[in-house]
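Asker: Below are the sequence and a predicted model for it; my questions follow.
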Amino acid sequence: MLENMQIPEITGETLRRILDHSSDEIFVIDGNQQIIFVNSVCERHYGLKPEDVVGKYNIELFEKGYWKPSIVPLVFKEKKPVTIRQTTYIGAELLTTAVPILNEDNEIELVVTTSRELQTFKSIKKERESQPESMNNSTPITNCSKMKDILKVCEKIAKVDSTILIQGESGTGKGVLAQYIHDISKRKTKTFLKINCAALPGDLLESELFGYAEGSFTGASKYGKKGLLEIAHQGTLFLDEIGEMPLSLQAKLLQVIQEKQFLSIGGHELKTVDVRIIAATNRDLVEMVRKGLFREDLFYRLNIIDIHLPPLRERKEDIIPLTYNFLYKFNKKYEMNKIISQECLDIFSSYSWPGNIRQLENVMERLVVTSDSIIQRYDLPELITNNTQPQAQYSLPANLDDALEHVKETLVVQSYKKHKSSRKVAKDLNISQTRAVKLINEYCSNLTES
């Protein structure tokens, strides 16, 4: 009977769909090290879609820093299976195995690589903590062409000591960019200090920046105190929310920028300091200058190099890689292994993110902590689900039966997570308790009824 059974032919499209549903990344290169196939898991690991990868050479993506180290030179040298651990630029920790396929002449025809995310977050955390600081990568995560142009500008200006003004909405990553500029500059081995000018009252901000001499005011340390400008000597000082700095302090800061000198509070001796100033603001400094709220001369001294960071809603292609970056970050922090559904990713991509990257980071931390093993649509804050275009929230089911099944599952899971009781679920959904128990067993097997 089995001999007469017809085995259905698997088409190329069917095979691709099968591979795209693999939990592991599958990556194939030819003998010239050109990428000829990669499944959809690559977006989870590198923030790139398969169509952005296929056709490129392995060395191109490696040199751009999408992963490290590269397994390809090893497998071409050994001509036998090789396994190593890799790290991607958005934070995935992978166990990667490359298997060469040889032709009749014992030359490599293809290399099939599979990458699986490491599950042992405790050991990863300990190993990462033991790594030297130089291995930490501060490069901002982006697939956005506008942001890539900004990073190219940063590479140029990092070589000089000009002051920089970074402008952009709150939460767009101005501090991350300032850190990146410092890390690729000649000052990278020296101190990088940050102070939020909006977080301190004027007199305390002056004390923190410029320090004070011994006995300069009631309550002052008898030994005096060094200010951040002095501590950051030969390094970089990042002044966040510079638009909130009082006018009186703006004059003292201008003196530091122009003359590299300043007086500490109560001091009588000019101190000389070599420090690069990077300032940032979400305020309209031009308008503040016009209203007399910000010194015009300081504005032009800070504005020698001006960088405008776009909001997250203008760099949609960065939402998914940033989402996975924060997912990996908080999985490791809380020693968990959460994954996120495609439906949530679709919602994220269509949401406007008024709080920008900081809001996305905060949301991902909450979801990792509060969700079950898979982050689903019903785990998302109402602020997001209620402010997302319905047609862009998720891919519609293929048919009516699938749509009804999806709605039924969502209602049951939401109700059970809220009430934790089959009796209360039955009442909430207006069904019998017998049916409620059956549906809970079907859809909520990963939850424990209390």
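Answerer: In hand now; what should we look at?

Asker: residues contacting residue 158?
Answerer: Contact analysis of residue 158 by C-beta atoms under 8 Å, 6 or more residues apart in numbering lists 181-182, 184-185. Any C-beta I mention is one placed from the backbone N, CA and C, and that applies to glycine too.

Asker: repeat for residue 408
Answerer: So residue 408 contacts 439, 443 (C-beta under 8 Å, 6+ apart).

Asker: Only the C-alpha atoms, please, for stretch 145-153, written as CSV.
Answerer: Extracted C-alpha coordinates of stretch 145-153, given in CSV (Å, rounded to 0.1, in the frame of the first residue of the first chain):
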residue,chain,number,x,y,z
SER,A,145,19.8,55.7,5.1
LYS,A,146,19.3,59.1,6.8
MET,A,147,20.8,57.8,10.1
LYS,A,148,23.7,56.1,8.2
ASP,A,149,24.5,59.5,6.6
ILE,A,150,24.6,61.0,10.1
LEU,A,151,27.0,58.2,11.3
LYS,A,152,29.3,59.0,8.4
VAL,A,153,29.3,62.6,9.4
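
Asker: Could I get the buried residue list for it?
Answerer: Using 16 or more other C-beta atoms under 10 Å as the test for burial, stretch 145-153 gives 147, 150-151.

Asker: Now intersect those with the strands, please.
Answerer: Using DSSP state E, no member of the buried residues of stretch 145-153 falls in strands.

Asker: Would you confirm that residue 95 contacts residue 83?
Answerer: Yes: using C-beta atoms under 8 Å, residue 95 is in contact with residue 83, at 6.9 Å.

Asker: and those two? which has more neighbours close in?
Answerer: Using other C-beta atoms under 10 Å as the criterion, residue 95 and residue 83 rank with residue 95 on top: 16 against 13.

Asker: Now that one: phi and psi?
Answerer: phi -100, psi 110 (degrees, to the nearest 10).

Asker: bridging residues for it?
Answerer: Beta-bridge pairing for residue 95 (DSSP bridges): residue 85, residue 116.

Asker: and it, what does it touch?
Answerer: 83, 85, 115-118.

Asker: mind checking how far the residue nearest the centre of the chain is from residue 443?
Answerer: Per C-alpha atoms, centre = their mean, the C-alpha nearest to the average position across the chain is that of residue 322, at 3.7 Å. Separation of residue 322 from residue 443 (C-beta to C-beta, to the nearest Å) stands at 30 Å.

Asker: again with residue 81
Answerer: 41 Å.

Asker: what's around the residue lying closest to residue 313 once chain neighbours are set aside, how many residues?
Answerer: Spatial nearest neighbour of residue 313, excluding adjacent residues (C-beta to C-beta, 6 or more residues apart in numbering): residue 352 at 4.9 Å. Per other C-beta under 10 Å, the neighbour tally for residue 352 reads 13.

Asker: The chain should start at 204 in everything you say after this.
Answerer: Understood, numbering begins at 204; the last thing we discussed is residue 555.

Asker: from memory residue 555 sits against residue 519, does it?
Answerer: No: if you go by C-beta under 8 Å, residue 555 and residue 519 don't touch, sitting 10.1 Å apart.

Asker: would you list every one of the helices in the stretch 304-453 of the chain?
Answerer: 324-332, 348-360, 377-386, 405-413, 431-434, 450-462 (DSSP state H, counting those that start in this stretch).

Asker: Show me where the stretch 404-553 of the chain has its strands.
Answerer: 439-443, 464-465, 474-475, 479-484, 508-511, 542-543 (DSSP state E, counting those that start in this stretch).

Asker: so what strands line up beside the fourth one?
Answerer: Spelled out, that is strand 479-484. strand 367-370 (parallel), strand 439-443 (parallel).

Asker: what's the longest one in contact with?
Answerer: When contacts are taken as C-beta under 8 Å, 6+ apart, the neighbours of strand 439-443 outside the stretch itself are 377-378, 381-382, 384-385, 388, 390, 393-401, 431-432, 448, 456, 478-483.

Asker: how about the CA coordinates for it, as PDB?
Answerer: Taking C-alpha atoms only, strand 439-443 is exported to PDB below (Å, rounded to 0.1, in the frame of the first residue of the first chain):
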ATOM      1  CA  THR A 439      34.300  64.700  26.500                       C
ATOM      2  CA  LEU A 440      31.600  66.400  28.400                       C
ATOM      3  CA  PHE A 441      28.000  65.800  27.200                       C
ATOM      4  CA  LEU A 442      25.600  68.600  28.200                       C
ATOM      5  CA  ASP A 443      22.100  67.200  27.700                       C
END
